[in-house]
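>>> based on what follows, work out the 3D shape:
(one chain, ligands or ions: 1)
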Amino acid sequence: MLKTACLIFNPVAGQGNAEIDLARIRSILEPDIELEILLTSPDTNTEQMARQAIERGVEALIASGGDGTVSAVAEATITTGIPLGIIARGTANAFATALGIPLDLNAACETIRTGMTRKVDTALCNGKPMILLAGIGFEAETVEKADRATKDRLGMLAYVLAGLAQLREMERFAVEIETGDRVIRTEAVAVTVANVAPPTSILAQGPAGLVGDDGLLDITIVAPANVLGAIAVSYNLLSTALSGEASLRDDVGYLRSDRVRITTDPPQKVVVDGEILGTTPIEVSCLPGALTIFVPFIEEPAPVEKLEGLPNLEIEPKELG
Ligand SMILES: Nc1ncnc2c1ncn2[C@@H]1O[C@H](COP(=O)(O)OP(=O)(O)OP(=O)(O)O)[C@@H](O)[C@H]1O
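Okay, here's the model as predicted:
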(Lines give C-alpha, C1' and ligand atoms only; values in the text may rest on other atoms or scores of the structure.)
Protein backbone atom coordinates (compact mmCIF):
# COMPACT_ATOMS: atom_id res chain seq x y z
CA MET A 1 0.00 0.00 0.00
CA LEU A 2 1.03 3.58 -0.72
CA LYS A 3 2.95 5.32 2.13
CA THR A 4 3.64 8.81 0.76
CA ALA A 5 2.26 10.93 -2.06
CA CYS A 6 2.32 14.48 -3.36
CA LEU A 7 -1.14 16.04 -3.75
CA ILE A 8 -1.38 18.88 -6.27
CA PHE A 9 -4.61 20.72 -5.46
CA ASN A 10 -6.28 23.54 -7.40
CA PRO A 11 -8.21 25.61 -4.83
CA VAL A 12 -10.42 27.31 -7.46
CA ALA A 13 -11.46 24.38 -9.67
CA GLY A 14 -15.14 23.65 -10.21
CA GLN A 15 -18.01 24.97 -8.18
CA GLY A 16 -17.45 23.16 -4.84
CA ASN A 17 -15.95 24.37 -1.56
CA ALA A 18 -12.20 23.77 -1.80
CA GLU A 19 -11.56 23.97 1.96
CA ILE A 20 -14.14 21.31 2.71
CA ASP A 21 -12.91 19.15 -0.18
CA LEU A 22 -9.29 19.33 0.99
CA ALA A 23 -10.28 18.51 4.57
CA ARG A 24 -12.21 15.45 3.34
CA ILE A 25 -9.33 14.27 1.18
CA ARG A 26 -6.95 14.58 4.15
CA SER A 27 -9.32 12.81 6.51
CA ILE A 28 -9.56 9.79 4.16
CA LEU A 29 -5.95 9.58 2.99
CA GLU A 30 -3.77 10.89 5.81
CA PRO A 31 -4.36 8.09 8.28
CA ASP A 32 -2.53 5.80 5.81
CA ILE A 33 -0.58 8.06 3.47
CA GLU A 34 1.82 10.86 4.33
CA LEU A 35 0.74 13.70 2.02
CA GLU A 36 2.83 16.57 0.73
CA ILE A 37 0.18 19.11 -0.28
CA LEU A 38 0.94 21.71 -2.97
CA LEU A 39 -1.69 24.32 -3.90
CA THR A 40 -1.70 25.72 -7.42
CA SER A 41 -1.94 29.46 -8.11
CA PRO A 42 -2.75 31.37 -11.33
CA ASP A 43 1.00 31.62 -12.03
CA THR A 44 1.87 28.00 -11.27
CA ASN A 45 3.30 25.84 -14.01
CA THR A 46 1.48 22.77 -12.73
CA GLU A 47 3.35 20.34 -14.94
CA GLN A 48 6.67 21.68 -13.69
CA MET A 49 5.43 21.45 -10.10
CA ALA A 50 4.65 17.77 -10.73
CA ARG A 51 8.00 17.14 -12.45
CA GLN A 52 9.88 18.65 -9.50
CA ALA A 53 7.97 16.39 -7.12
CA ILE A 54 8.98 13.38 -9.24
CA GLU A 55 12.62 14.55 -9.14
CA ARG A 56 12.37 14.73 -5.33
CA GLY A 57 11.47 11.04 -5.48
CA VAL A 58 7.74 10.98 -4.61
CA GLU A 59 6.10 7.58 -4.53
CA ALA A 60 2.90 8.77 -6.24
CA LEU A 61 1.23 11.95 -7.48
CA ILE A 62 -2.37 12.92 -6.85
CA ALA A 63 -4.05 15.59 -8.99
CA SER A 64 -7.15 17.31 -7.66
CA GLY A 65 -8.83 19.97 -9.75
CA GLY A 66 -10.39 20.33 -13.17
CA ASP A 67 -9.18 18.78 -16.40
CA GLY A 68 -6.41 21.38 -16.80
CA THR A 69 -4.82 20.43 -13.47
CA VAL A 70 -5.26 16.69 -14.05
CA SER A 71 -3.76 16.77 -17.54
CA ALA A 72 -0.76 18.85 -16.42
CA VAL A 73 0.07 16.44 -13.59
CA ALA A 74 -0.64 13.39 -15.77
CA GLU A 75 1.69 14.65 -18.49
CA ALA A 76 4.54 14.90 -15.99
CA THR A 77 4.10 11.24 -15.03
CA ILE A 78 4.06 9.84 -18.60
CA THR A 79 6.65 7.05 -19.02
CA THR A 80 7.95 7.57 -15.43
CA GLY A 81 5.97 4.66 -13.95
CA ILE A 82 4.94 7.00 -11.08
CA PRO A 83 1.28 6.20 -10.34
CA LEU A 84 -1.26 8.99 -10.67
CA GLY A 85 -4.34 9.42 -8.48
CA ILE A 86 -7.16 11.59 -9.79
CA ILE A 87 -9.62 13.44 -7.53
CA ALA A 88 -11.77 15.31 -10.04
CA ARG A 89 -13.30 18.60 -8.85
CA GLY A 90 -13.82 20.45 -12.14
CA THR A 91 -16.75 21.08 -14.43
CA ALA A 92 -16.40 18.48 -17.19
CA ASN A 93 -14.01 16.00 -15.51
CA ALA A 94 -13.37 14.27 -18.83
CA PHE A 95 -10.15 12.56 -17.66
CA ALA A 96 -11.67 10.81 -14.66
CA THR A 97 -14.78 9.82 -16.64
CA ALA A 98 -12.80 8.49 -19.61
CA LEU A 99 -10.38 6.55 -17.40
CA GLY A 100 -13.16 4.99 -15.29
CA ILE A 101 -12.27 6.81 -12.05
CA PRO A 102 -15.14 7.73 -9.71
CA LEU A 103 -16.19 11.39 -9.68
CA ASP A 104 -17.42 11.17 -6.09
CA LEU A 105 -14.69 12.62 -3.88
CA ASN A 106 -14.85 9.90 -1.21
CA ALA A 107 -14.79 7.10 -3.81
CA ALA A 108 -11.90 8.75 -5.65
CA CYS A 109 -9.90 8.93 -2.40
CA GLU A 110 -10.71 5.30 -1.57
CA THR A 111 -9.47 4.32 -5.05
CA ILE A 112 -6.09 5.84 -4.21
CA ARG A 113 -6.01 4.50 -0.65
CA THR A 114 -6.71 0.96 -1.88
CA GLY A 115 -3.71 1.31 -4.16
CA MET A 116 -4.67 -0.77 -7.21
CA THR A 117 -3.02 0.55 -10.38
CA ARG A 118 -3.37 -0.03 -14.12
CA LYS A 119 -1.26 1.00 -17.09
CA VAL A 120 -3.05 2.89 -19.85
CA ASP A 121 -1.91 4.19 -23.21
CA THR A 122 -1.21 7.81 -23.97
CA ALA A 123 -0.22 9.40 -27.25
CA LEU A 124 1.86 12.16 -28.74
CA CYS A 125 0.13 14.71 -30.99
CA ASN A 126 2.66 16.80 -32.91
CA GLY A 127 5.16 15.84 -30.20
CA LYS A 128 2.92 16.94 -27.29
CA PRO A 129 1.39 14.53 -24.78
CA MET A 130 -2.22 13.55 -25.46
CA ILE A 131 -4.11 11.44 -22.97
CA LEU A 132 -7.67 11.65 -24.25
CA LEU A 133 -8.17 12.92 -27.77
CA ALA A 134 -7.41 15.33 -30.54
CA GLY A 135 -10.42 17.00 -32.15
CA ILE A 136 -10.16 18.52 -35.60
CA GLY A 137 -12.77 20.99 -36.85
CA PHE A 138 -16.07 21.13 -35.03
CA GLU A 139 -14.88 20.31 -31.50
CA ALA A 140 -11.97 22.73 -31.61
CA GLU A 141 -14.28 25.56 -32.64
CA THR A 142 -16.66 24.63 -29.82
CA VAL A 143 -13.93 24.63 -27.16
CA GLU A 144 -12.83 28.05 -28.33
CA LYS A 145 -16.39 29.39 -28.04
CA ALA A 146 -16.95 28.06 -24.46
CA ASP A 147 -15.16 30.80 -22.53
CA ARG A 148 -14.19 30.75 -18.85
CA ALA A 149 -16.92 33.20 -17.74
CA THR A 150 -19.68 31.15 -19.37
CA LYS A 151 -18.24 27.89 -17.94
CA ASP A 152 -18.26 29.44 -14.45
CA ARG A 153 -21.88 30.50 -14.87
CA LEU A 154 -23.31 27.50 -16.67
CA GLY A 155 -20.92 24.57 -16.20
CA MET A 156 -21.33 21.81 -18.84
CA LEU A 157 -24.17 23.74 -20.48
CA ALA A 158 -21.56 26.22 -21.75
CA TYR A 159 -20.19 23.50 -24.06
CA VAL A 160 -23.68 22.54 -25.24
CA LEU A 161 -24.51 26.16 -26.08
CA ALA A 162 -21.16 26.64 -27.81
CA GLY A 163 -21.82 23.45 -29.79
CA LEU A 164 -25.24 24.72 -30.89
CA ALA A 165 -23.76 28.06 -31.94
CA GLN A 166 -21.06 26.23 -33.85
CA LEU A 167 -23.63 24.07 -35.72
CA ARG A 168 -24.78 27.16 -37.62
CA GLU A 169 -21.27 27.75 -38.95
CA MET A 170 -20.47 24.13 -39.69
CA GLU A 171 -18.58 23.52 -42.92
CA ARG A 172 -17.20 20.39 -44.54
CA PHE A 173 -13.50 20.20 -45.28
CA ALA A 174 -11.39 17.81 -47.35
CA VAL A 175 -9.37 15.40 -45.21
CA GLU A 176 -6.52 12.97 -45.87
CA ILE A 177 -5.88 10.32 -43.22
CA GLU A 178 -2.62 8.43 -43.56
CA THR A 179 -1.98 5.35 -41.41
CA GLY A 180 0.90 2.87 -41.53
CA ASP A 181 -0.71 0.93 -44.39
CA ARG A 182 -3.09 3.26 -46.31
CA VAL A 183 -4.22 6.75 -47.20
CA ILE A 184 -7.91 7.61 -46.89
CA ARG A 185 -9.38 10.72 -48.52
CA THR A 186 -12.88 12.01 -47.81
CA GLU A 187 -14.79 15.05 -46.57
CA ALA A 188 -15.72 15.73 -42.95
CA VAL A 189 -17.07 18.23 -40.47
CA ALA A 190 -15.08 16.73 -37.63
CA VAL A 191 -12.28 14.18 -37.29
CA THR A 192 -11.35 12.89 -33.85
CA VAL A 193 -8.31 10.85 -32.89
CA ALA A 194 -8.97 9.28 -29.49
CA ASN A 195 -6.93 7.24 -27.06
CA VAL A 196 -9.81 7.17 -24.59
CA ALA A 197 -12.84 9.46 -24.40
CA PRO A 198 -15.82 10.00 -22.09
CA PRO A 199 -19.25 9.29 -23.67
CA THR A 200 -19.85 13.05 -23.72
CA SER A 201 -17.08 13.44 -26.33
CA ILE A 202 -19.61 12.33 -28.88
CA LEU A 203 -17.48 13.05 -31.92
CA ALA A 204 -15.05 10.34 -30.77
CA GLN A 205 -17.77 7.69 -30.52
CA GLY A 206 -17.86 6.10 -33.98
CA PRO A 207 -16.61 2.68 -32.82
CA ALA A 208 -18.10 0.67 -29.98
CA GLY A 209 -16.13 1.27 -26.79
CA LEU A 210 -12.72 2.90 -26.81
CA VAL A 211 -10.07 0.76 -25.20
CA GLY A 212 -7.39 2.60 -23.24
CA ASP A 213 -4.79 -0.15 -23.24
CA ASP A 214 -4.89 -1.70 -26.72
CA GLY A 215 -1.95 0.25 -28.17
CA LEU A 216 -4.28 1.76 -30.77
CA LEU A 217 -5.91 5.10 -31.53
CA ASP A 218 -9.57 5.28 -32.59
CA ILE A 219 -10.18 7.68 -35.44
CA THR A 220 -13.77 8.85 -36.03
CA ILE A 221 -14.83 10.80 -39.11
CA VAL A 222 -18.15 12.65 -38.93
CA ALA A 223 -19.53 14.08 -42.16
CA PRO A 224 -23.15 15.26 -41.95
CA ALA A 225 -24.42 17.06 -45.05
CA ASN A 226 -26.28 19.85 -43.23
CA VAL A 227 -27.41 21.14 -39.82
CA LEU A 228 -30.28 18.64 -39.53
CA GLY A 229 -27.88 15.83 -40.38
CA ALA A 230 -25.50 17.14 -37.73
CA ILE A 231 -28.21 17.04 -35.07
CA ALA A 232 -29.21 13.52 -36.14
CA VAL A 233 -25.61 12.29 -36.14
CA SER A 234 -24.94 13.89 -32.72
CA TYR A 235 -27.97 12.16 -31.24
CA ASN A 236 -26.95 8.85 -32.85
CA LEU A 237 -23.37 9.09 -31.54
CA LEU A 238 -24.50 9.96 -28.02
CA SER A 239 -27.01 7.12 -27.85
CA THR A 240 -24.64 4.54 -29.37
CA ALA A 241 -21.89 5.65 -26.96
CA LEU A 242 -24.19 5.20 -23.98
CA SER A 243 -25.39 1.79 -25.16
CA GLY A 244 -21.89 0.62 -26.16
CA GLU A 245 -22.72 0.07 -29.83
CA ALA A 246 -20.90 1.23 -32.94
CA SER A 247 -22.52 3.81 -35.20
CA LEU A 248 -23.87 2.44 -38.49
CA ARG A 249 -24.70 5.76 -40.15
CA ASP A 250 -23.32 6.55 -43.63
CA ASP A 251 -22.05 9.92 -42.45
CA VAL A 252 -19.88 8.31 -39.72
CA GLY A 253 -16.68 6.36 -40.38
CA TYR A 254 -14.06 4.96 -38.04
CA LEU A 255 -10.82 3.01 -38.04
CA ARG A 256 -8.04 2.01 -35.65
CA SER A 257 -4.33 2.56 -36.05
CA ASP A 258 -1.26 2.93 -33.84
CA ARG A 259 -0.26 6.11 -35.69
CA VAL A 260 -1.93 8.55 -38.03
CA ARG A 261 -1.15 11.70 -39.99
CA ILE A 262 -4.09 13.98 -40.81
CA THR A 263 -4.07 16.82 -43.32
CA THR A 264 -7.09 18.98 -44.18
CA ASP A 265 -7.96 21.51 -46.82
CA PRO A 266 -8.49 24.20 -45.69
CA PRO A 267 -6.44 23.86 -42.45
CA GLN A 268 -8.63 23.25 -39.39
CA LYS A 269 -8.26 24.12 -35.70
CA VAL A 270 -7.08 21.30 -33.46
CA VAL A 271 -7.89 20.83 -29.78
CA VAL A 272 -5.93 18.31 -27.73
CA ASP A 273 -7.29 17.23 -24.34
CA GLY A 274 -9.45 20.35 -24.20
CA GLU A 275 -6.75 22.88 -25.11
CA ILE A 276 -6.35 24.53 -28.52
CA LEU A 277 -3.09 23.20 -29.99
CA GLY A 278 -2.98 24.97 -33.37
CA THR A 279 -4.10 23.87 -36.80
CA THR A 280 -3.78 20.82 -39.04
CA PRO A 281 -1.75 18.91 -40.16
CA ILE A 282 -1.28 16.67 -37.11
CA GLU A 283 0.63 13.47 -36.48
CA VAL A 284 -0.51 11.28 -33.61
CA SER A 285 1.25 8.16 -32.35
CA CYS A 286 0.21 5.88 -29.49
CA LEU A 287 2.51 5.35 -26.48
CA PRO A 288 1.34 1.98 -25.15
CA GLY A 289 1.02 1.71 -21.36
CA ALA A 290 2.82 5.02 -20.72
CA LEU A 291 0.57 6.19 -17.88
CA THR A 292 0.04 4.39 -14.57
CA ILE A 293 -3.17 5.32 -12.75
CA PHE A 294 -4.92 4.28 -9.56
CA VAL A 295 -8.13 2.52 -10.51
CA PRO A 296 -11.08 1.23 -8.52
CA PHE A 297 -11.20 -2.43 -7.71
CA ILE A 298 -13.30 -4.07 -10.40
CA GLU A 299 -14.83 -7.34 -9.39
CA GLU A 300 -14.01 -10.21 -11.69
CA PRO A 301 -17.13 -11.90 -13.07
CA ALA A 302 -18.40 -14.41 -10.53
CA PRO A 303 -17.11 -17.90 -11.40
CA VAL A 304 -19.85 -20.20 -12.64
CA GLU A 305 -18.48 -23.22 -10.83
CA LYS A 306 -16.47 -23.86 -7.68
CA LEU A 307 -16.00 -27.28 -6.13
CA GLU A 308 -12.47 -27.25 -4.70
CA GLY A 309 -12.30 -27.15 -0.93
CA LEU A 310 -15.32 -29.43 -0.40
CA PRO A 311 -14.66 -32.27 2.07
CA ASN A 312 -13.50 -35.60 0.61
CA LEU A 313 -14.00 -34.25 -2.88
CA GLU A 314 -13.76 -36.70 -5.77
CA ILE A 315 -14.34 -35.72 -9.34
CA GLU A 316 -14.53 -38.58 -11.80
CA PRO A 317 -14.42 -37.79 -15.52
CA LYS A 318 -17.31 -39.46 -17.32
CA GLU A 319 -17.15 -41.00 -20.71
CA LEU A 320 -19.33 -39.05 -23.08
CA GLY A 321 -21.54 -40.60 -25.65
N1 LIG B 1 -5.13 29.43 -6.86
C2 LIG B 1 -5.60 29.72 -8.08
N3 LIG B 1 -6.30 30.87 -8.29
C4 LIG B 1 -6.79 31.17 -9.52
N5 LIG B 1 -6.60 30.40 -10.61
C6 LIG B 1 -5.92 29.24 -10.47
C7 LIG B 1 -5.39 28.85 -9.20
N8 LIG B 1 -4.75 27.66 -9.34
C9 LIG B 1 -4.88 27.33 -10.66
N10 LIG B 1 -5.57 28.28 -11.32
C11 LIG B 1 -5.93 28.25 -12.74
O12 LIG B 1 -6.87 27.19 -12.93
C13 LIG B 1 -6.78 26.71 -14.26
C14 LIG B 1 -6.81 25.20 -14.30
O15 LIG B 1 -8.03 24.85 -13.75
P16 LIG B 1 -8.49 23.38 -13.66
O17 LIG B 1 -7.98 22.53 -14.68
O18 LIG B 1 -8.26 22.87 -12.29
O19 LIG B 1 -9.95 23.62 -13.92
P20 LIG B 1 -10.55 23.93 -15.37
O21 LIG B 1 -9.76 23.36 -16.49
O22 LIG B 1 -10.83 25.36 -15.35
O23 LIG B 1 -11.70 22.99 -15.18
P24 LIG B 1 -13.20 23.26 -15.15
O25 LIG B 1 -13.47 24.16 -16.30
O26 LIG B 1 -13.62 21.86 -15.34
O27 LIG B 1 -13.53 23.85 -13.80
C28 LIG B 1 -5.47 27.23 -14.81
O29 LIG B 1 -5.78 28.21 -15.78
C30 LIG B 1 -4.78 27.87 -13.63
O31 LIG B 1 -4.03 28.99 -13.99
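>>> what ranges of the stretch 201-321 of the chain fall below the confidence cut-off?
298-304, 320-321 (pLDDT under 70).
>>> residue ranges for the strands of it, please.
For the stretch 201-321 of the chain, strands defined by DSSP state E, counting those that start in this stretch occupy the ranges 217-222, 252-257, 259-265, 269-272, 275-279, 282-294.
>>> give me whichever of these is most buried.
strand 217-222 (a mean of 26; mean count of other C-beta atoms under 10 Å). In this view, the C-beta of every residue, glycine as well, is placed from N, C-alpha and C.
>>> just want the angle from that one to strand 282-294.
Angle of strand 217-222 versus strand 282-294, following axes from the mean of the first three to the mean of the last three C-alpha atoms, to 10 degrees, is 120 degrees.
>>> ok, and what's touching strand 217-222?
The contact list for strand 217-222, computed with C-beta atoms under 8 Å, 6 or more residues apart in numbering, reads 123, 138, 175, 177, 186, 188-195, 197, 203-207, 210, 233, 237, 251-260, 284, 286.
>>> tell me the confidence at the one residue in the chain that gets nearest to the ligand?
For the chain, the residue closest to the ligand is Gly66, as judged by C-beta to the nearest ligand atom, at 2.1 Å. What the model reports as pLDDT for Gly66 is 94.
>>> about what we covered before: select, out of the strands of the stretch 201-321 of the chain, the one closest to Gln48.
In terms of C-beta to C-beta, the element of the strands of the stretch 201-321 of the chain nearest to Gln48 is strand 275-279, at 16.4 Å.
>>> state the paired neighbours of the closest one in the sheet, together with their directions.
strand 269-272 (antiparallel) (DSSP bridges).
>>> what does the stretch 1-150 of the chain put close to the ligand?
Within the stretch 1-150 of the chain, the positions near the ligand by C-beta under 6 Å from any ligand atom are 10-14, 40-42, 65-69, 90-92.
>>> which among those end up buried?
Listed as buried from those are Asn10, Ala13, Gly14, Thr40, Gly65, Gly66, Asp67, Gly68, Thr69, Gly90, Thr91, Ala92; burial here means 16 or more other C-beta atoms under 10 Å.
>>> surely the fourth one is in contact with Phe9?
Yes: look at Thr40 against Phe9 with C-beta atoms under 8 Å: they come within range, at 7.0 Å.
>>> please enumerate the shared neighbours of the two.
With C-beta under 8 Å, 6+ apart, Thr40 and Phe9 have common neighbours Gly65.
>>> hmm, who's touching stretch 311-321?
Contacts of stretch 311-321 (C-beta under 8 Å, 6+ apart): Leu307.
>>> no wait, stretch 8-16
Counting by C-beta under 8 Å, 6+ apart, 18, 22, 25, 37-40, 46, 49-50, 53, 61-66, 68-69, 73, 89-91, 152, 155 sit against stretch 8-16.
>>> what mean pLDDT does it have?
92.
>>> quick check: end-to-end length of that stretch?
17 Å (C-alpha to C-alpha, to the nearest Å).
>>> now do stretch 197-207
For stretch 197-207, the end-to-end distance is 11 Å (C-alpha to C-alpha).
>>> check the buried ones among the residues of the stretch 1-150 of the chain next to the ligand and tell me the two furthest apart.
Maximum distance among those (C-beta to C-beta): 17.8 Å, for Thr40 and Ala92.
>>> turn the strands of the stretch 201-321 of the chain into a markdown table, columns for distance to the ligand.
A markdown table is the format used below for the strands of the stretch 201-321 of the chain (distance: least, C-beta to the nearest ligand atom, whole Å):
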| stretch | distance to the ligand |
| --- | --- |
| strand 217-222 | 23 |
| strand 252-257 | 27 |
| strand 259-265 | 25 |
| strand 269-272 | 13 |
| strand 275-279 | 9 |
| strand 282-294 | 17 |
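>>> possible to save the ones you listed as a markdown table with distance to Ser243?
Output for these, formatted as a markdown table (distance: least, C-beta to C-beta, whole Å):
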| stretch | distance to Ser243 |
| --- | --- |
| strand 217-222 | 16 |
| strand 252-257 | 15 |
| strand 259-265 | 27 |
| strand 269-272 | 26 |
| strand 275-279 | 30 |
| strand 282-294 | 26 |
